[in-house]
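[1] 3D model of this:
(2 chains)
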Protein chains: 2
Amino acid sequence: MTEQKTLRLGIAGLGNVGVGLVKLVQQQDKLRLPGNLEISLVSARSRSRNRGVDLSGYGWEDDAAQLAKSDKIDVFVELMGGSDGPARHSVETAIRAGKHVVTANKALMAEHGAHLALLAEEHGVHLLFDAAVAGGVPIVRAVRDSFSGVDIHRVSGILNGTCNYILTQMLETGADYKSVLKEAQQLGYAESDPYLDVSGMDAAHKALILAVLAFGAKPDFSKVRVAGVDQIESLDIKLANKMGYRIRLVAEAVQDENGVRCHVAPALFKVDHPLAQVTGPTNAVMVEGEPVGRVTMTGPGAGEGPTASAVMGDISRILQGAVTAPFGLPVSQLEDKLYLSSGDGPRSVWFIRIRLSDKSGAMASLSNALAKCDVSIDLMQQDSSAGGDGSPIAIMTHPCARNVVESAAAIVAELEACVDKPRVLRVEA
Amino acid sequence: MTEQKTLRLGIAGLGNVGVGLVKLVQQQDKLRLPGNLEISLVSARSRSRNRGVDLSGYGWEDDAAQLAKSDKIDVFVELMGGSDGPARHSVETAIRAGKHVVTANKALMAEHGAHLALLAEEHGVHLLFDAAVAGGVPIVRAVRDSFSGVDIHRVSGILNGTCNYILTQMLETGADYKSVLKEAQQLGYAESDPYLDVSGMDAAHKALILAVLAFGAKPDFSKVRVAGVDQIESLDIKLANKMGYRIRLVAEAVQDENGVRCHVAPALFKVDHPLAQVTGPTNAVMVEGEPVGRVTMTGPGAGEGPTASAVMGDISRILQGAVTAPFGLPVSQLEDKLYLSSGDGPRSVWFIRIRLSDKSGAMASLSNALAKCDVSIDLMQQDSSAGGDGSPIAIMTHPCARNVVESAAAIVAELEACVDKPRVLRVEA
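    All right, here's what the predicted structure looks like:
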């Protein structure tokens, strides 16, 4: 047990995370790894780019798939990204060649996870992806291993640091979505193409991975309902704040009698809720189940260091031996239980933000429309200080189903007094 | 890899946690274990006691050590507690008989961890103890495995739920220590003999275990500095609160150029500090290191369900195979680097609470005494509303070393105007 194993790594992708990993391997004497690591081969798009780290001791491959099956490596580390193309091809190549695989690629695991996990099981190799969810927060291992003796009811959290940074800044500075996004891009908190982040897709990939691990659900990305922060206005944030709430992009997977619902959407949280208190680019994940109760893990969700350290945690697992099924349960035991709720499911309080024209009778027409749809108002707040068209109004409803509030909002949108499309956000209990 | 292994458990100790574990095994179909579990034998002090769970299918042993070496078990689960006596004897017996061991016993692991880990390494068996620290929060596995590629600087947190409940209640109700302790005992948050909890010893056991895992330090419980909550008065809590702070019993292990300092003591945290926001019997652990940054894990630190689910997480690891060194690094590689700081180490802000008599010149004599010792005052607050002897005064110092503030407090205690022993607590940055 005390003999020191050595693993030879092949790293494909030398962006921030790849470079962070190279640095960690170079200073492994400071770490507590149960063995030794060598980097044998590296691969990236540009060989000549200066990355601020000495790569001269390592072999180079232009083609990641060639690297993936090379006799010179034991572990293929995939840090290229993308759900298809070279990432998928090289991971498959590595597994077929009997190499262990470590990846930080959430899109790949969410969209092709079952296929790749099955392939890994057939070839008896590790396929590890703790870096794919919540960066430095070791939530994948916790849910898969530590909580394998827990009957989990719900996994929820803030899984996209870019969106959380944007929502936090919009509240703090009062600036609008576009200018905060631009600032986030300048600071490196958002990609130059922010689509995957702000659309909620990135968080949805991660939520699906957690749903598979927590509930043994067969992954099916088409069963994840996704909304992003790109529709949120600073007015929404301001009105929610006045009522004692923060808006957070919540990713959630919940098991009920029908199966597992998985979704990502902006929602309102009371200011003293643990997720409301998560600010800036931080991630947080809450696991709730019997008999453990609620465990929350918070930390940096992205970036060179946190993600590289998560990759190292997975490599360390390979050093320990014992190949296990990538999703905890073998793929053959995963169940087809993800479903898209039709909206008539659990009742919830809703936040509706409406801009009404100042015409007389506007408020009456709104009240009538809501009453007709059986949406009853618990609280109403007006923002008289807001400029622009119409008087902004925020409503908290009494609990009702999602399809009820959505059809009410559609009717309100058609009212002559209604200036733009109402915003409807769930309010977390 | 997909063949289903079966492990036969022998459980010694049928208190809350033991019963919780039996219940979990009985409903294992609802869980995601990578194999099957059978309970073969159980042992406890009283065979006849009604524990609300059906034990009729299991063999009984009066003697835990007999159970530990029985041919009928693969895994010995030690849930008796105590650092010596039957717990230690039966764990040693089990390891020598080639059985894997899972324990929730922090005192045993803190005081005899190196000896037992070495024995487990020699016999090639698992010795797992995730339930020994922070109950349902999987911090042992996170530090040992997930963060084995992280150069950890500091591990700190709230590791005793009883103390945190007492401190929270003293602030909320204004009641004194003794009556809150009594209430905690009635609610089951404190043992009938509360010594291990309120003295800080229980948190110190856990802190030492984390220090071993995080820094590869050889365990030596005599090198842990321990203070508890039993000296804290509601006056201290009230004055700290007035100045914007909460008192928390913090357990901490820090690596510096001299080695690893490990201590447990009540300290002040700004109200918006993550640890100040941990209330009631909850535990929280913060890990800080390069390159991961800061990761915080929060959850229920004790009780039947959380602890039993942590035990199950460890049993699930045994189902996966691959025996690894109990402390991550083999005991032979643990270094003798724990040290007791002499108090001239890092400077810190200090909170000093003093009761001064109302005699004229009292304040002047206090100021002179502090000045003579080079302790300078940053803030001073008087609590004129307090009853009892003397006027309570709270001081925040400018940063100074621990030995400086402690000798100043000793001199102040001798002043004629000083009514009782001043309270000195560190203020966390």
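[2] what secondary structure does A:V264 sit in?
    Of the three states, A:V264 takes strand under DSSP: H, G, I helix; E, B strand; the rest coil.
[3] correction: A:R426
    strand.
[4] hmm, what's the outermost residue in chain A?
    Taking Cα atoms, centre = their mean, the residue of chain A most remote from its mean C-alpha position is A:S360, at 45.0 Å.
[5] other residues contacting stretch A:343-353?
    Under the contact criterion Cβ atoms under 8 Å, 6 or more residues apart in numbering or on different chains, stretch A:343-353 has outside partners A:235-236, A:239-240, A:243, A:245, A:256, A:258, A:261, A:268, A:375, A:378, A:392-403, A:405-406, A:408-409, A:412, A:422-427, A:429. No exception for glycine: its C-beta is placed from N, CA and C like everyone else's.
[6] which residues does A:H100 bridge with?
    A:V75 (DSSP bridges).
[7] run a quick neighbour tally on it.
    Residues near A:H100, counting by other Cβ atoms under 10 Å in any protein chain shown, number 25.
[8] touching, it and A:I318? I think so.
    Yes. Counting by Cβ atoms under 8 Å, A:H100 does reach A:I318; the two are 5.0 Å apart.
[9] overlap in contacts of those two?
    Common neighbours of A:H100 and A:I318 (Cβ under 8 Å, 6+ apart) are A:74-75, A:126, A:128.
[10] quick check: pLDDT value at the residue farthest from the centre of chain A.
    Listed pLDDT for A:S360 reads 83.
[11] what is the three-state secondary structure of it?
    coil.
[12] helices or strands next to whichever strand or helix holds A:Q186 in the packing?
    Element membership for A:Q186, per DSSP states H and E: helix A:177-187. Where contact means 3 or more Cβ pairs under 8 Å, 6 or more residues apart in numbering or on different chains; DSSP states H and E, helix A:177-187 is packed against helix A:161-173.
[13] what's the neighbour count on the closest residue to chain B within the stretch 51-200 of chain A?
    Going by Cβ to the nearest Cβ, chain B is nearest to A:G149 of the stretch 51-200 of chain A, at 2.4 Å. Neighbour count of A:G149, defined by other Cβ under 10 Å: 27.
[14] quick one: secondary structure of it?
    Secondary structure, three-state DSSP: A:G149 is coil.
[15] check the residue lying closest to it once chain neighbours are set aside and give its pLDDT.
    Once flanking residues are discounted, A:G149 sits nearest to B:M312: 2.4 Å by Cβ to Cβ, 6 or more residues apart in numbering or on different chains. pLDDT, B:M312: 93.
[16] list the contacts for B:M312?
    B:M312 touches A:148-150, B:21, B:24, B:31, B:33, counting by Cβ under 8 Å, 6+ apart.
[17] A:G228: what's it in contact with?
    Per Cβ under 8 Å, 6+ apart, neighbours of A:G228: A:163, A:197-201, A:249, A:264, A:266.
[18] which other helices and strands contact the helix or strand A:A65 falls within?
    If you go by DSSP H and E, A:A65 is part of helix A:64-68. Applying 3+ Cβ pairs under 8 Å, 6+ apart, we find helix A:64-68 packed against strand A:6-12, strand A:36-43, strand A:75-78, helix A:85-96.
[19] again, 7 Å this time
    strand A:6-12, strand A:36-43, helix A:85-96 (3 or more Cβ pairs under 7 Å, 6 or more residues apart in numbering or on different chains; DSSP states H and E).
[20] redo these as CSV? Include distance to B:S192, mean neighbour count and mean pLDDT.
    Converted to CSV, the helices and strands packed on helix A:64-68 look like this (distance: least, Cβ to Cβ, whole Å; neighbours: other Cβ atoms under 10 Å in any protein chain shown; pLDDT from 0 to 100):
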stretch, distance to B:S192, mean neighbour count, mean pLDDT
strand A:6-12, 52, 22, 97
strand A:36-43, 51, 20, 97
helix A:85-96, 57, 21, 98
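[21] any chance of those in JSON lines, plus distance to chain B?
    JSON lines is the format used below for those (distance: least, Cβ to the nearest Cβ, whole Å):
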{"stretch": "strand A:6-12", "distance to chain B": "12"}
{"stretch": "strand A:36-43", "distance to chain B": "9"}
{"stretch": "helix A:85-96", "distance to chain B": "13"}
